[in-house]
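K.L.:
Output the structure for:
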Amino acid sequence: MIRFALENERGFSNYLKVALLLEQFAWITAARGGHQRAGWLLGATRALRLHLRVRNAHG
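P.N.:
Purely as a prediction, here's the structure:
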């Protein structure tokens, strides 16, 4: 379901929604034992959120 939601965001500029979906996907992945992949997803989420902060700070 989350993967489908992420695929639907392709081509749109709602990066906050993508970050939230990635984080949810990461925690589900971790709960299923995919700890390395979950760590990668959380790192991507963090990078995206940092990008959003910088972008919002500059207008």
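K.L.:
low-scoring pLDDT stretches of this protein, where are they?
P.N.:
For the chain, applying pLDDT under 70 flags the ranges 1-3, 5-12, 54-59.
K.L.:
Buried ones in the lengthiest helix in the chain, by neighbour count?
P.N.:
Looking across the chain with DSSP state H, the single longest helix is helix 35-57. Residues of helix 35-57 classed as buried by neighbour count (16 or more other Cβ atoms under 10 Å): 38, 41-42, 44-45, 48-49. Every C-beta, even on glycine, is put in place using the N, C-alpha and C of the backbone.
K.L.:
Also stretch 15-30?
P.N.:
In stretch 15-30, counting by 16+ other Cβ under 10 Å, buried: 18-26, 29-30.
K.L.:
Now do it: distance to the chain's middle.
P.N.:
Centroid displacement of stretch 15-30 relative to its chain, using Cα atoms, centre = their mean, to the nearest Å, is 4 Å.
K.L.:
related to what we said a few turns ago, nearest to Phe4, of the buried residues of helix 35-57?
P.N.:
Using Cβ to Cβ, Leu41 comes nearest to Phe4 of the buried residues of helix 35-57, at 16.1 Å.
K.L.:
Ser13 in helix, strand or coil?
P.N.:
Under DSSP: H, G, I helix; E, B strand; the rest coil, Ser13 falls in the coil class.
K.L.:
Distance check, it against Trp27.
P.N.:
Distance, Ser13 to Trp27, using Cβ to Cβ, to the nearest Å: 24 Å.
K.L.:
Same check on Leu16?
P.N.:
Between Leu16 and Trp27 the distance is 17 Å, computed by Cβ to Cβ.
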